[in-house]
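Chemist: Build me a model:
(2 chains)
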Amino acid sequence: DAGVIQSPRHEVTEMGQEVTLRCKPISGHNSLFWYRQTMMRGLELLIYFNNNVPIDDSGMPEDRFSAKMPNASFSTLKIQPSEPRDSAVYFCASSFGAGGAYEQYFGPGTRLTVT
Amino acid sequence: AQSVTQLDSQVPVFEEAPVELRCNYSSSVSVYLFWYVQYPNQGLQLLLKYLSGSTLVKGINGFEAEFNKSQTSFHLRKPSVHISDTAEYFCAVIPFNNAGNMLTFGGGTRLMVKP
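Modeler: Here you go, the predicted structure:
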């Protein structure tokens, strides 16, 4: 298995532009997570999907952020408009089931820089 | 709500020396506990987890951790480190009653192994 796939690996954009991050979870996994990692705030869970349905989006910072999972093999995280404070590494993770016993597998991350 | 504290942001150690990375947590309910490792420019990888049973848990790459409920700790240890263990290590928890598996991470500890 190729593992969790994220694209792009690096994104540099100007303030005000729309940014779309993409994630392909491991085949057969039914839970998907988006995390953000910054020096100041560490690792934060943004949103969690189970069976393609958003279960908890309380970590999404504001209305500029939105996430979708149109099918079991694809998810997007969109920022519109982007701001310099959105600069971070964004990780996608997937797991086989819901519940703490199931390991989350992380993708390599997308490093976003907003200038 | 849960919180995780990793007491040391950086731990320098010489190759072949033992190491302990400290983790304490706070939770009003019982939790599952995890240690993840992040190598430079990569996603997180599970080292080990405690779900139930023996409080001493062995993981990959020679690491082990001990769950101490009375001290609410889950310290990570390795008797002899290698240069290749240089990475950032994250402690995380999920409450038993969480229908999903939303990890709460500590701030991370950067292990720096010197020759």
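Chemist: Do any residues in stretch A:66-80 lie close to chain B?
Modeler: No. Using Cβ under 8 Å from any Cβ of the partner chain, stretch A:66-80 never reaches chain B; the gap is at least 14.1 Å. Where C-beta positions appear, they are placed from N, C-alpha and C, glycine not excepted.
Chemist: so where's chain A uncertain?
Modeler: A:1, A:98-100 (pLDDT under 70).
Chemist: residues touching A:S82, list them.
Modeler: Applying Cβ atoms under 8 Å, 6 or more residues apart in numbering or on different chains to A:S82 gives the contacts A:T13, A:E14, A:M15, A:G16, A:Q17, A:E18, A:V19, A:R64, A:L112, A:V114.
Chemist: let's see it at 10 Å
Modeler: Residues counted as contacts of A:S82 (Cβ atoms under 10 Å, 6 or more residues apart in numbering or on different chains) are A:11, A:13-19, A:64-65, A:112-115.
Chemist: Check B:W35 too.
Modeler: B:21, B:23, B:46-50, B:57, B:59, B:63-65, B:74-76, B:89-92, B:106, B:109.
Chemist: likewise B:F90?
Modeler: A:37, A:42-43, B:4, B:6, B:21, B:23, B:34-38, B:44, B:47, B:103, B:105-109.
Chemist: what helix or strand is residue 113 on?
Modeler: Unless you meant another one, I'm taking chain A. Using DSSP states H and E, A:T113 falls within strand A:110-114.
Chemist: Chain B is the one I meant
Modeler: Using DSSP H and E, B:V113 sits within strand B:109-114.
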